[in-house]
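>>> Kindly generate the corresponding structure for this input.
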Amino acid sequence: MKWHFSRPANPNHGITPMAPLLITVLSSWLWATTKMTVLSDQSQIFLPPLAIVALLALAVGTSVAETPSNHLVVLQYHHVSTSTPASTSITPEQFAAHMRWLADNEYTVANLPEALRKLRNGEPLTDKTVAITFDDGYKDNYSTAYPILRKHGWPFTVFVNPEPHDQKLAGWASWKELREMAKNGASIANHTTSHLFMLRRLPEETVVEWRTRLTREIVVAEERIHDETKQTHRILAYPYGESDIAIRELIADLGFIAFGQQSGAIDADSDFSDLPRFPLSGPYSAMDSFQTKMKSLPMPVFSATPDSAALDGTLTYAETRPALTLQLHDSSQLVLNCFASGQGAIPVIDQDNGRYLIRAPESLPVGRSRYNCTYASEWPGRYYWYSYAWVRRDEGDVWSHN
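Residues are numbered from 1 along each chain as shown. The predicted model follows:
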């Protein structure tokens, strides 16, 4: 089953719409000129070499200066603090440096709901457009990140699960603080009510009961957010980034857009029930990799087909080294590089005609893993990026990971 669809690759990337006509006219003119020169010395037409070069540049190279557009890169943060778990934290200094880099390099920081609406409706987004998101609504989002973002005048999104906010737990922003941010550029969006593991079913729970419970988690959270902030965006961030086919179908049935935690850029043909974001906490917060991610482009993938029994990224305990087949729209002169979580570079088998087989050489651990794939674009220093998320069960095919 095919879950990620992207735009058809343009075989004329880097060539203007007028280029074929200009090339044809120029070629015909040069052929005629040569013929006339041979037939009669008096019929010669002379064109300086530099003029020929200029015309060729006009025909073929005009779009070298053009930039890609109509895509979105979404940043994902959790804690902005030095006193919280390192794996889900970025220091205030690192976060401020990320924001300075965006400002210094003239990035557009978009309102996430508005940017998603534009992509779905085919409205233009300029190149270098990003959106900033936070998961969980921690206190430091308000105390540390919010003043930095407000100084820049930038919008951002906070995905909240209302339960800890209702319980006024230490470490989470209060509803009053969330309302203040909402009045000053923040979109408050859905992270389910209790931040549950959505893949896990309760003992003896039927599929219908499980689906009803998930629906209640999402709908009640949306209602609480509206009650407290008067906002409703119907945008969900999956807790832990986990989902499967059934959950994505539920999201579509409820009229929501949803985000995972796999990396990559978004365009109009992305799967809006499982959109990618770039996690930027812990080891993923380094400035050099941050810059590369901000410049990334959505890979033109026609289909991504896992060989798992479930036909999605959920694996049984026995499925230790899943294969992923990517069908790309355009495979001309590209080198696809892929990496597995904790394993580094992994083999990629080119099966011709834009078809690639990817499989980790070592077993994936129980819990969450990713295959990340990139290849160089026609714009120097920029890469097409695609990520596929896996979640592997424990012994006995039970979900036991954190």
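
>>> okay, the nearest residue to residue 193 once chain neighbours are set aside: pLDDT?
Closest residue to residue 193 apart from its sequence neighbours, by CB to CB, 6 or more residues apart in numbering: residue 221 at 4.4 Å. All C-beta spots, glycine's among them, are computed from the backbone N, C-alpha and C. Note on residue 221: pLDDT of 98.

>>> So the closest residue to residue 350 other than its chain neighbours, which state does it fall into?
In space, and not counting its chain neighbours, residue 350 is closest to residue 356: 6.0 Å by CB to CB, 6+ apart. Three-state call for residue 356 (DSSP: H, G, I helix; E, B strand; the rest coil): strand.

>>> you'd agree residue 68 is up against residue 128?
No: using CB atoms under 8 Å, residue 68 makes no contact with residue 128, being 9.6 Å away.

>>> Quick one: neighbours of the residue nearest to residue 193, just the number.
Burial of residue 221 is recorded as 23 neighbouring residues (other CB atoms under 10 Å).

>>> now residue 195: how far from residue 253?
As judged by CB to CB, to the nearest Å, residue 195 and residue 253 stand 22 Å apart.

>>> Looking at these two now, which is surrounded by more residues?
Per other CB under 10 Å, whichever of residue 195 and residue 253 has more neighbours is residue 195, with 19 against 11.

>>> quick one: low-confidence parts of the chain?
Within the chain, the segments meeting pLDDT under 70 span 1-65.

>>> any idea where the helices of this structure begin and end?
19-39, 49-56, 92-104, 112-121, 139-140, 146-152, 162-166, 175-182, 207-229, 245-253, 287-294 (DSSP state H).

>>> which residues does residue 303 bridge with?
Judged by DSSP bridges, the bridge partners of residue 303 are residue 327.

>>> Distance-wise, check it relative to residue 208.
When residue 303 is compared with residue 208 (using CB to CB), they lie 30 Å apart.

>>> neighbour count winner among those two?
Neighbour tally, residue 303 and residue 208, criterion other CB under 10 Å: the higher count belongs to residue 303, 15 against 8.

>>> How about residue 224, nearest residue that isn't a chain neighbour?
Closest residue in space to residue 224, ignoring its immediate chain neighbours: residue 162 at 4.0 Å, by CB to CB, 6+ apart.

>>> what's the neighbour count on the one you found?
By the criterion of other CB under 10 Å, residue 162 has 26 neighbours.

>>> which of the residues in stretch 137-146 are buried?
For stretch 137-146, a neighbour-count test (16 or more other CB atoms under 10 Å) marks 137-142, 144-146 as buried.

>>> would you put the C-alpha positions of that stretch in PDB?
What follows is stretch 137-146, C-alpha atoms only, in PDB (Å, rounded to 0.1, in the frame of the first residue of the first chain):
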ATOM      1  CA  GLY A 137       3.200  23.000  26.200                       C
ATOM      2  CA  TYR A 138       6.000  23.000  28.800                       C
ATOM      3  CA  LYS A 139       6.600  26.000  31.100                       C
ATOM      4  CA  ASP A 140       9.800  26.900  29.400                       C
ATOM      5  CA  ASN A 141       8.000  27.300  26.100                       C
ATOM      6  CA  TYR A 142       6.400  30.300  27.700                       C
ATOM      7  CA  SER A 143       9.200  31.500  30.000                       C
ATOM      8  CA  THR A 144      12.200  31.100  27.600                       C
ATOM      9  CA  ALA A 145      11.100  30.500  23.900                       C
ATOM     10  CA  TYR A 146       8.200  32.900  23.800                       C
END
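
>>> ok now it, how far from the chain's centre?
Distance, stretch centre to chain centre, for stretch 137-146: 23 Å (CA atoms, centre = their mean, to the nearest Å).

>>> Next: stretch 273-282.
Between the centre of stretch 273-282 and the centre of its host chain there is 7 Å, according to CA atoms, centre = their mean.

>>> which other residues reach that stretch?
Identification of contacts with stretch 273-282 by CB atoms under 8 Å, 6 or more residues apart in numbering yields 3-4, 73-79, 86-90, 98, 133, 238, 243, 248-249, 251-252, 256-266, 270, 284, 290, 293, 296, 387.

>>> Where do the strands of the stretch 301-402 of the chain begin and end?
Assignment of strands within the stretch 301-402 of the chain using DSSP state E, counting those that start in this stretch yields the ranges 301-306, 314-315, 323-328, 337-340, 344-346, 348-350, 355-359, 367-376, 383-392.

>>> Contacts only, for residue 86.
By CB under 8 Å, 6+ apart, residue 86 lies in contact with residue 282.

>>> what about residue 329, neighbour count?
15.

>>> ugh, typo on my part, it should be residue 104
Neighbourhood size, residue 104 [other CB under 10 Å]: 8.

>>> re the thing from before, which one of the helices of the chain is the most hemmed in?
helix 139-140 (a mean of 21; mean count of other CB atoms under 10 Å).

>>> so residue 324 makes contact with residue 359?
Yes: using CB under 8 Å, residue 324 is in contact with residue 359, at 7.4 Å.

>>> Of those two, give the one with the bigger neighbour count.
residue 324 (21 against 17).

>>> Which residue lies closest in space to that one, excluding its sequence neighbours?
Residue 324 sits nearest to residue 358 (CB to CB, 6+ apart), 4.7 Å away.

>>> Over to residue 166?
The shortest distance from residue 166 to any non-neighbouring residue, by CB to CB, 6+ apart, is to residue 224 (7.1 Å).

>>> Please tell me how far that neighbour sits from residue 232.
From residue 224 to residue 232 the distance is 10 Å (CB to CB).

>>> circling back to that earlier point, for the buried residues of stretch 137-146, which one is nearest residue 340?
Nearest to residue 340, judged by CB to CB, of those is residue 138 at 29.8 Å.

>>> Now for that closest one: which residues touch it?
78-79, 81, 84, 171-173.

>>> Same list, those residues, but as a markdown table with distance to residue 199 and neighbour count please.
Below are the contacts of residue 138 laid out as a markdown table (distance: CB to CB, whole Å; neighbours: other CB atoms under 10 Å):
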| residue | distance to residue 199 | neighbour count |
| --- | --- | --- |
| 78 | 20 | 24 |
| 79 | 24 | 27 |
| 81 | 29 | 21 |
| 84 | 25 | 17 |
| 171 | 25 | 13 |
| 172 | 24 | 24 |
| 173 | 27 | 25 |
